[in-house]
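Q: Have a look; sequence and predicted model below, questions after that.
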There are 2 protein chains.
Amino acid sequence: MESQYTNLDTIKFFLHEVHQIDQFLGKGRFSAYDSASVDMFLDSIKTLSDNELFPYIKEMDEKPSYYRDGAITIHPQFEKIFQQSKDLGLVATIFNEEDGGLQMPNALFHAAYYIMEAANNHVTGYIGLTAGTANLIATFGSQTLKDIFLPKMLDMEWTGTMCLTEPQAGSSLSDITTSATPDSDGSYKINGQKIFISSGDHQFASNIIHLVLARLDGAPEGTKGVSLFVVPKHKVQDGQLADESQVIVAGEFEKLGQRGYCTSHLVFEDAQGWLVGEENHGLMYMFQMMNEARVATGRMGAGIASAAYYASLQYARERPQGRKLTSTGDKDLAQDQTLIINHPDVKRMLLHQKAIVEGSLSLILQASQYLDAEHLAEGEEKERYNLLLELLTPVVKTYPAEKGLESVSQGLQVLGGYGFCMDFILQQYYRDIRIISIYEGTTGIQSLDLLGRKVGLKNGKVLTWFGEEIQNDIKAAYVYEGLQPFAKTLGENLHLVQQVLGQLMPIAKTGDFEQFLSDATLFMDFFGTVVIGWQWLKIATASQKALSENSEQQVLLEGKIHTMKFFYKYEMSRTKGLAQTITDELKLTLDFDLEMLD
Amino acid sequence: MESQYTNLDTIKFFLHEVHQIDQFLGKGRFSAYDSASVDMFLDSIKTLSDNELFPYIKEMDEKPSYYRDGAITIHPQFEKIFQQSKDLGLVATIFNEEDGGLQMPNALFHAAYYIMEAANNHVTGYIGLTAGTANLIATFGSQTLKDIFLPKMLDMEWTGTMCLTEPQAGSSLSDITTSATPDSDGSYKINGQKIFISSGDHQFASNIIHLVLARLDGAPEGTKGVSLFVVPKHKVQDGQLADESQVIVAGEFEKLGQRGYCTSHLVFEDAQGWLVGEENHGLMYMFQMMNEARVATGRMGAGIASAAYYASLQYARERPQGRKLTSTGDKDLAQDQTLIINHPDVKRMLLHQKAIVEGSLSLILQASQYLDAEHLAEGEEKERYNLLLELLTPVVKTYPAEKGLESVSQGLQVLGGYGFCMDFILQQYYRDIRIISIYEGTTGIQSLDLLGRKVGLKNGKVLTWFGEEIQNDIKAAYVYEGLQPFAKTLGENLHLVQQVLGQLMPIAKTGDFEQFLSDATLFMDFFGTVVIGWQWLKIATASQKALSENSEQQVLLEGKIHTMKFFYKYEMSRTKGLAQTITDELKLTLDFDLEMLD
């Protein structure tokens, strides 16, 4: 029914003009890339998505993955998708050439996955997790481990998972109990249970490589005693697959959404694992992957919201209903019915979605470009980009999750009663996106990370760098008179962030971290809104520049400026209220009689 | 798994103390009621809900109603539920004694249905629609129609539906085309199709009475040419059921939620219908029912949000995870794991839900009490209560829909990954509640009604009355020193409402209704928040009063005051930003090149 899920012109404009990817192309790590190869890669991803991903999104929900007799079966289309992923090098993209990789710019990699996720959000997890786990082995594993695992994983012959959560520990990794016991051959016996393991089992890889967090006997308490192990589903001996399955698939979690993407319960009983890197450094290693996965999760949220946006836009353009209001507020029956897209409230719901979807996309590209910049930079500049990415990561994870949900729900609302019907896809996106604020650390956890760790990195220096980034973009916007009021508003909001932190930080200094962090989630909402406001100003500046250079994409560019204004009118107006709440001295969520909640 | 879905003590406190139902009992229409009979009725409803409704909520979702061979089959438990509804007089509740009714106070009726909806939101529609359609016949039908239909409907032997929506017209009733042609026996031949007909067919009534909007030949254009007909599924001749089915059940809409509550597609081909009241007055009649249904829909949203709140509260009290933060922001591993209810962010999510759920309930009781007051009042006072209810109706429909969805989503979030799993009920409530902002006129339509019609009723006099109601409650709150800051905030917000309208009304006067109404949905959010702030101040005042009189319910009452403070800190702080957006002069949702949305 729906035929569009993203706009490739927007993605290319964001990459080339807003985020100026071309400044990196042809240099150092990215010497094999130029502007044309970037576009060509995106075109091929769009073709893949049009032909092999988007047509199966609804079917993957209606015929979900299922568990039977100790194994999980996923939709048959995945066979073809995995094959084409290999052909396009989708796992190999960001790896070093020496490991068989393509050294693709991170921003391009994320743009490509974003397109795929907009087309079908049930798909990319299998591929992305394989890339993430292989990358962990590439970064921290021994040459032996690399030689055994990387070639097969980069070809999607073997896929990967990350195994963190356990039934009794949830998000709290201090409390994991899976154990690792050294064996005589240098490997370890792994025992324990892991739950919520995405892509934990399926029929289209000859092996599944689990990266498992476990504790060695006598390891220090808490997260400092956690080590990382490679545990293949089928034992690997001398680089060859032994016909011995050693991971028990105990079940699948039946989910509200993303039902084509399996979520398994795994049991390890004396499974053979291989230590990655050093003992007790597991969590630090895993953080590399978790940070990547957090960006990927936010990107997935933005992709789902994009699909919902275009589905609702298409409906609004085709569905006649009601009439324009006359000067008395009544309907003029002499008129024909109008398309619902002509009702201001429907336009508002569409612009609201567009503002969230494209603002989120721009933020994802911004963050991934910091990683590209880090690759090319040296010394303090390298650290600067690394830490700017660290600062933004929880926001990249959370904004598209929380606001993306709001956006998808608006998309559903555009369809009225049909939005609630299973025949239309909006209800599916509404279910699919609900996981995004839970995966890879809930919004609450991301918010603790942002306020409790990230804004204070290097004693606040990183936040100062971040402010400089914004100030530079404010300055660039000031060149265009029409953008000045918005640049001014962004400047005021940046100041408001500083004011809010000025009130919060002294509480942290008293040592009362519970109070300091009690409204971290609201701070995330506040800070995230300012961050997206920054992205929209940046988009509008690039649009204005292109317009002044007589770009042929006039309507697209004017649409960006219009949406920027919408964001400032409808979203940036929320920040003062949030700041007021965050700095309000009445403490209501700390100690009180919990029976009052009855 | 979950065992609680509402708190009866809160409901009784709201009825007796906050809304002082006792002032009406024993008087006029309500002469048969006293304080004890109110509580007894609520107790019996709670017992019914505990035993027959709540245990089936998940099963009704998992084994939904289904269509086969021209008929819809609903869950077998409904047989018992309908029988008990008859025994308890659930349809008869608000009818006049002369029609076989119980003349129950409206506030009590809504409190009872709220309990049932919190227990199982798939159930009440069948009963409530029967009451609503029967009430329409009672109010506007001839004595003959009343004699034929009321006794069976009040006994739930026959159930009822309202048939408005048609495929080509959607929410726009000007465009319905179902036709009515006079027949020789005084009846009419009805031809046409109706969609989204709730409880349109099932196996547990010997007849289903459809109230159908249709057009007579030559009737005036638009809504002024719409008449109302009673069209029974099985023909009724001489008061007896003829064994002739005349309504074709063409299918069922498979829905995202409320899957136990069927939604049908009906076809009328020369079906025999009987005119209700006068020709071309159908929409006016139907508005009685639509207004009731709007209050009922909001109430259903509040009920679902209540169920989600208590399910998440119970989980938070049982699930250990993480530890309290130490003075360095790290976790203290020497401590045991803590229950998640001890984390401030979880407490925030719970209080947020409580504030929305109980604030919504209080508003529903407030609105329904205006109807009770109208029954007992005379002359201008009668009109005053009638119009105050009119003013509040779109808010009663919308606030629990929009904020209830937010509330349920927070409930799901409390469970983390388990919230997304089908084994837990939160995902179901998240699906169920999504229809509430669509049923009976979407949020957009309710918002047009509020800003375009209701706030201007009687040239603004109704709004002035409404302001007086709030001022009275502000005055009552000022008696208690601890409440004064909140009373002051409410007063400022009331003033802000006037300021916003002061800027909007001149636009209406220019005749540019599109611009005037373009942000009606934001005005709804703004106005609704102030309305619920009013309710919370009222709740807190009654609580403070009871505390000063040494009530035994100390914890419950302190919980109300605590939640009031929470609402003011976290929700009332949003109004200024909303007011800013609504009054911003940049018009972005009127005329612009729609291709910019691509």
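A: Great, that's in hand. Numbers count the residues shown, from 1 in each chain, chains lettered A, B, ... in the order given.

Q: For the rest of this, base every contact and every neighbour count on C-alpha atoms.
A: Fine.

Q: near chain B, which residues of the stretch 401-550 of chain A?
A: Selection of the stretch 401-550 of chain A residues close to chain B by CA under 8 Å from any CA of the partner chain yields A:413, A:416-417, A:420-423, A:427, A:434-435, A:438-439, A:442, A:444, A:452, A:511-514, A:518-521.

Q: Where does the prediction get shaky in the stretch 1-150 of chain A?
A: A:1-2 (pLDDT under 70).

Q: in the stretch 301-450 of chain A, which ranges drop under the pLDDT threshold?
A: A:326-331.

Q: quick one: A:Gly491 from B:Arg574, how far?
A: To B:Arg574, A:Gly491 is 21 Å away according to CA to CA, to the nearest Å.

Q: Strands of chain A, start to end?
A: Listed in chain order, the strands of chain A (DSSP state E) span A:66-68, A:71-73, A:158-163, A:179-182, A:188-198, A:207-216, A:226-232, A:234-237, A:240-245, A:247-252, A:263-275.

Q: ok so, going back, buried members of the residues of the stretch 401-550 of chain A next to chain B into ChimeraX, please.
A: Selection of the buried residues among these in ChimeraX, burial being defined by 16 or more other CA atoms under 10 Å in any protein chain shown:
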select /A:413,416,417,420,421,422,423,427,434,435,438,439,442,444,452,512,513,514,518,519,520,521
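
Q: give me the number of residues near the residue lying closest to A:Asn342 once chain neighbours are set aside?
A: Spatial nearest neighbour of A:Asn342, excluding adjacent residues (CA to CA, 6 or more residues apart in numbering or on different chains): A:Lys324 at 7.7 Å. For A:Lys324, the neighbour count with other CA atoms under 10 Å in any protein chain shown is 22.

Q: re earlier: neighbour count for A:Gly491 and B:Arg574, which is higher?
A: Using other CA under 10 Å as the criterion, A:Gly491 and B:Arg574 rank with B:Arg574 on top: 23 against 19.

Q: from memory that one sits against A:Ala579, does it?
A: No: B:Arg574 is beyond contact range of A:Ala579, at 10.3 Å (criterion: CA atoms under 8 Å).

Q: Helices - which of the residues of the stretch 401-550 of chain A next to chain B land there?
A: Of the positions in those, A:413, A:427, A:444, A:452, A:513-514, A:520-521 sit in helices, assigned by DSSP state H.

Q: which among these gets closest to B:Ala32?
A: Within these, the smallest distance to B:Ala32 is 44.4 Å, found for A:Gln413 (CA to CA).

Q: and the residue of the stretch 151-300 of chain A found nearest chain B, how many neighbours?
A: Taking CA to the nearest CA, chain B has its nearest neighbour within the stretch 151-300 of chain A at A:Lys255, 4.5 Å off. Neighbours of A:Lys255 under the rule other CA under 10 Å: 24.

Q: which ones are touching the residue nearest to it when sequence neighbours are not counted?
A: Leaving aside its chain neighbours, A:Lys255 sits nearest to B:Cys421 (4.5 Å; criterion: CA to CA, 6+ apart). By CA atoms under 8 Å, 6 or more residues apart in numbering or on different chains, B:Cys421 lies in contact with A:253-256, B:427.

Q: how much space between the closest residue to A:Glu117 other than its chain neighbours and B:Leu216?
A: Excluding the flanking residues, the one nearest A:Glu117 by CA to CA, 6+ apart is A:Gly303, at 5.1 Å. Remark: distance between A:Gly303 and B:Leu216 (CA to CA) = 50 Å.

Q: out of those two, which sits in the busier spot?
A: Neighbours of A:Gly303 and B:Leu216, each counted by other CA under 10 Å, are more numerous for A:Gly303; the result is 31 against 20.

Q: I'd guessed the more buried one sits against A:Ala112; true?
A: No: A:Gly303 is not in contact with A:Ala112 according to CA under 8 Å; the separation is 10.7 Å.

Q: For the stretch 251-400 of chain A, list the residues in contact with chain B, please.
A: A:253-257, A:310, A:313, A:320-322, A:324-329, A:333, A:344-345, A:347-348, A:350-351, A:354.

Q: out of those, which are buried?
A: A:253-257, A:310, A:313, A:320-322, A:324-325, A:329, A:333, A:344-345, A:347-348, A:350-351, A:354.

Q: Sitting in helices, which of those do you find?
A: Using DSSP H, those in helices are A:310, A:313, A:344-345, A:347-348, A:350-351, A:354.

Q: Turn these into JSON lines, including distance to B:Tyr399.
A: JSON lines is the format used below for these (distance: CA to CA, whole Å):
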{"residue": "A:Tyr310", "distance to B:Tyr399": "28"}
{"residue": "A:Leu313", "distance to B:Tyr399": "26"}
{"residue": "A:Pro344", "distance to B:Tyr399": "21"}
{"residue": "A:Asp345", "distance to B:Tyr399": "17"}
{"residue": "A:Lys347", "distance to B:Tyr399": "22"}
{"residue": "A:Arg348", "distance to B:Tyr399": "19"}
{"residue": "A:Leu350", "distance to B:Tyr399": "22"}
{"residue": "A:Leu351", "distance to B:Tyr399": "23"}
{"residue": "A:Lys354", "distance to B:Tyr399": "25"}
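
Q: And the furthest pair within the residues you listed?
A: For these, the maximum inter-member distance is 17.7 Å, found between A:Tyr310 and A:Pro344 (CA to CA).

Q: ok, the closest residue to A:Asn386 other than its chain neighbours - contacts?
A: Spatially, and ignoring its direct neighbours in sequence, A:Asn386 is nearest to A:Glu374 (6.0 Å; CA to CA, 6+ apart). Residues near A:Glu374 by CA under 8 Å, 6+ apart: A:381-386.

Q: Can you tell me how far A:Glu374 is from chain B?
A: A:Glu374 sits 29 Å away from chain B, going by CA to the nearest CA, to the nearest Å.

Q: For the residue nearest to A:Thr589 when sequence neighbours are not counted, give me its contacts.
A: Nearest in space to A:Thr589, with sequence neighbours left out and distances taken as CA to CA, 6+ apart, is B:Pro344 at 5.2 Å. Neighbour list for B:Pro344: A:514, A:518, A:589-590 [criterion: CA under 8 Å, 6+ apart].

Q: Tell me which two of those residues sit farthest apart.
A: A:Glu514 and A:Thr589 (9.6 Å).

Q: Touching, A:Met349 and A:Val414? I think so.
A: Yes: under the criterion of CA under 8 Å, A:Met349 makes contact with A:Val414 at 7.2 Å.
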